[in-house]
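Q: Predicted structure and sequence below. I'll ask about it afterward.
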Amino acid sequence: MIENNLQFEQQSLTAAKWANLVMCFAGIMAAFFSNANALMLDGLFSGLNFFAAIFAARVAKRVSQSADRGRPFGYAIEESMYTMFRSLVLTGILTLAALNALDGIYEYATGEVVPEIRLNWIMIYVVLMVVISGGLAYFHHRNWQKTGEQSEVLKTEQAAAGMDAALSAAAGAAFLAISLFKGTPLAFLVPISDSIVVLALVAYMIRVPIGSFVKGMDELLGVAVDRETAGKLTTSAQKLLTDTPFELIELAATRAGRSLFAVSFVRPIEAVDVATLDMLRADLHTALLDVSPNIDSEVVFTGKAPFANKPR
């Protein structure tokens with residue numbers, strides 16, 4: 001299962017790497033010929049995706065490794081780190097783009113000449129980017145489904161490719177709409193159309209990296225999984241322990257990327273031997289696999305609820 005998932009991830013990430021490199025150079029060249037910094041932003045976004053695909057491929061391989069003495073809790077947390085730091089870089093690019101756009105508006109307001117936007121180059125670029133990015137997003141989605149919808153790496157890459165397609169399409173539509181303002185009372189907006197488009201795109205996109213950063217930070221901090229997932233894990237464990245000399249008194253779980261780590265706090269109702277305890281640990285892990293195929297679990301035998309009277 002893990003080997004197949006890794007194969008699908010590598011297929012997607014290899015395609016993403018080279019497709020994004022092409023789109024990066026295309027964006028830079030189109031920005032040069034069209035005088036549109038919005039296309040430069042698009043190209044830089046694709047460039048970020050190119051380097052991200054390289055690192056994502058390495059992360060996907062490491063996440064598939066089993067826990068060892070050096071990493072007793074496995075390598076899953078690296079997926080959360082990848083998502084978080086990639087979000088930081090994207091946030092930085094968007095922030096710089098917004099500042100540059102505001103500077104362009106300021107220069108125009110103070111009387112400086114703004115280069116005219118060449119719309120024909122923009123439209124050619126937009127069509128090409130939407131086709132490539134849209135196809136890449138679909139390819140990632142298909143491979144994500146083949147992993148049983150478990151790969152956070154492919155989910156992140158699919159979102160990035162889809163955003164890239166939307167970014168290109170929105171930029172083209174905005175430039176086209178603003179160009180129609182010529183000869184109208186809104187004609188003063190035409191020279192700063194590039195800055196307007198950049199600010200609009202940044203305002204739309206910024207929520208995605210911020211949300212991914214918060215999610216990655218929660219996983220690094222070991223925040224408990226959502227109530228629905230916790231409920232499914234608890235129900236599965238309780239079902240297994242029915243008619244056994246054990247009682248589940250608490251189950252705690254955290255997420256790291258696609259992986260879950262669950263600790264079942266179990267109270268023995270009667271005296272049991274070590275072999276029975278080991279068998280229960282194995283059976284509980286098997287039961288929790290029905291909730292998530294990417295889960296590590298442990299059992300703590302105790303007589304007290306560890307989080308009693310402590311709010312979630």
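A: Noted; the coordinates are in hand. Residues are numbered from 1 along each chain as shown.
Q: How much space separates Ala67 from Met23?
A: Here the criterion is C-beta to C-beta, to the nearest Å. By it, Ala67 lies 38 Å from Met23. C-betas here are computed from N, CA, C, even on glycine.
Q: More neighbours: which of the two?
A: Remark: of Ala67 and Met23, Met23 carries more neighbours, 27 against 12, as counted by other C-beta atoms under 10 Å.
Q: Identify the spatial nearest neighbour of that one, chain neighbours not counted.
A: Residue nearest to Met23 in three dimensions, not counting chain neighbours: Ser46, with 3.7 Å by C-beta to C-beta, 6 or more residues apart in numbering.
Q: Just the buried residues of the helix or strand harbouring that neighbour, please?
A: Applying DSSP states H and E as the criterion places Ser46 in helix 37-63. For helix 37-63, the neighbour count (16 or more other C-beta atoms under 10 Å) marks 37-50, 52-53, 56-57, 59-60, 63 as buried.
Q: One more: stretch 177-185?
A: Buried-residue list, stretch 177-185, by 16+ other C-beta under 10 Å: Ile178.
Q: cool, stretch 138-147 as well?
A: Buried residues in stretch 138-147, counted by 16+ other C-beta under 10 Å: Phe139, His140, His141, Asn143, Trp144, Lys146, Thr147.
Q: with those in mind, which one is nearest to Ala230?
A: Distances from Ala230 to the buried residues of stretch 138-147, taken as C-beta to C-beta, are shortest for Thr147 (23.0 Å).
Q: and that closest one, backbone torsions?
A: Dihedral pair for Thr147: phi -90, psi 10, per degrees, to the nearest 10.
Q: That one and Ala275: what is the separation?
A: Counting by C-beta to C-beta, the gap from Thr147 to Ala275 is 36 Å.
Q: just Val22 next, same as before
A: Note on Val22: its distance to Ala275, by C-beta to C-beta, is 60 Å.
Q: Who has more neighbours out of the two?
A: Val22 (14 against 8).
Q: secondary structure class for the more buried one?
A: Three-state assignment for Val22 (DSSP: H, G, I helix; E, B strand; the rest coil): helix.
Q: For it, give me its contacts.
A: By C-beta atoms under 8 Å, 6 or more residues apart in numbering, Val22 lies in contact with Ile132.
Q: next one: Leu39
A: Each residue near Leu39 by C-beta under 8 Å, 6+ apart is listed here: Gly27, Ala30, Ala31, Ile122, Tyr125, Ala171.
Q: you'd agree Leu248 is in a strand?
A: Yes: with three-state DSSP as the criterion, Leu248 is part of a strand.
Q: returning to that earlier point: name the nearest of the buried residues of stretch 138-147 relative to Ile105.
A: Proximity of these to Ile105, judged by C-beta to C-beta, is greatest for His140, which lies at 35.9 Å.
Q: got the angle between the strand or helix carrying that closest one and helix 37-63?
A: Element membership of His140 [criterion: DSSP H and E] is helix 119-146. If you take axes from the mean of the first three to the mean of the last three C-alpha atoms, to 10 degrees, helix 119-146 sits at 20 degrees to helix 37-63.
Q: Would you mind pulling up the elements that helix 119-146 packs against?
A: Under the contact definition 3 or more C-beta pairs under 8 Å, 6 or more residues apart in numbering; DSSP states H and E, helix 119-146 sits against helix 2-34, helix 37-63, helix 152-179.
Q: Please parse the protein into its domains.
A: Per the record's domain assignment (automatic domain parsing), the chain is made up of the domains 2-221, 227-301.
Q: would CSV of those with mean pLDDT and distance to Phe307 be doable?
A: Output for the domains of the chain, formatted as CSV (pLDDT from 0 to 100; distance: least, C-beta to C-beta, whole Å):
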stretch, mean pLDDT, distance to Phe307
domain 2-221, 81, 16
domain 227-301, 89, 6
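Q: Can you name the residues that contact Leu119?
A: Leu119 sits next to Ser34, Phe175, Leu176, Ser179 when contact means C-beta under 8 Å, 6+ apart.
Q: what's the burial count for Leu289?
A: Leu289: 13 surrounding residues under other C-beta under 10 Å.
Q: which parts of stretch 194-210 are buried?
A: By neighbour count on 16+ other C-beta under 10 Å, the buried set for stretch 194-210 is Asp194, Ser195, Ile196, Val197, Val198, Leu199, Leu201, Val202, Met205, Val208, Pro209.
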